Each structure stands twice: as structure tokens, then as C-alpha cells.
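**Q** just need the structure, nothing else, for what follows:
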Amino acid sequence: MSGYQYLDVKLKLRDPDSVTLTPVFLCGCILNSLTNIFGEIGGQTTLEIVKFSSTDKRFIFRVSEDFLKRVRIAISLIGYYQEVPCHFQVLSTSQKPLDFEATPEEFIAF
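**A** Numbering: from 1, shown residues only. Okay, the predicted model is just below:
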């Protein structure tokens, strides 16, 4: 079994007031993108939101290392969240758990 990577991600929306931002909807959006791009993903997906801020539109999630490339590709290709134009920005990636208050320089992936 491989280790995990943590991603600090910010969601940028064209009209932020017109969406409902929840961890469940975010996971669904990412999983839907994975399925659309790579087909059936089955049980190999380990995607877990560990921190969430609806105010800052940021979330930190954990993904298995062997699945990291697919998740980053899927995130970068998402253009809509609940039918509102958007894009996801990966702020940092780390093998160690991330926190919103920490500086991104501390978490450079090896």
C-alpha cells in the first residue's frame, strides 16, 4: 500500500453566491470529473476531505500517492461547479498533513 498526499485546493467561482459549497458536493464534483476523464474508477479511489472552509472556498484532501496524478488532472479540467463557471487551484501538495494557517513554503512535495 502506498502512502498519501495532501492537497490544499482553492475553488474560484464566477458567481460564488449562486452555489452551495459543501464537502459532499465537492467530492462528487471531483469524482464525476475522474469518471468522465478516466472511465470507471472503482475501488482504487481514496479521496477524503480532511479540512473544509466554505468562507475561503478552500479544502484540504488526502489522496493515495498512486492516484495523485489522476486527481490533479481531473481537478484541473473541471470547468463548472453546480453549473457555475469555475476553476480549482492547487495551492500546495505535501506528504504531511496540511493546515490552512501554515505557509505553503513549508509543504513542498519531494
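**Q** can you check which helix is longest in the chain?
**A** Secondary structure of the chain per DSSP state H: the longest helix is helix 23-38.
**Q** pLDDT of that helix, averaged?
**A** For helix 23-38, mean pLDDT rounds to 90.
**Q** which residues are contacting that helix?
**A** When contacts are defined by CB atoms under 8 Å, 6 or more residues apart in numbering, helix 23-38 is touched by residues 11, 41, 45, 47, 49, 52, 59, 70-71, 73-75, 77-78, 81-82. Where you see a C-beta, it was placed from the backbone N, CA and C, and this is true even at glycine.
**Q** how about stretch 70-83?
**A** Contacts of stretch 70-83 (CB under 8 Å, 6+ apart): 7, 9, 11, 13, 18-20, 25, 29-30, 33-34, 37-38, 41, 47, 63, 85-88, 90.
**Q** ChimeraX command to pick out the buried ones of these?
**A** In ChimeraX, a selection of the buried entries from the contacts of stretch 70-83 looks like this (16 or more other CB atoms under 10 Å):
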select :7,9,11,13,19,29,30,33,34,47,63,86,87,88
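**Q** packing partners for the next helix or strand after the longest helix of the chain?
**A** With elements assigned by DSSP states H and E, the helix or strand that comes after helix 23-38 is strand 47-53. In terms of contacts (3 or more CB pairs under 8 Å, 6 or more residues apart in numbering; DSSP states H and E), strand 47-53 is packed against helix 23-38, strand 58-64.
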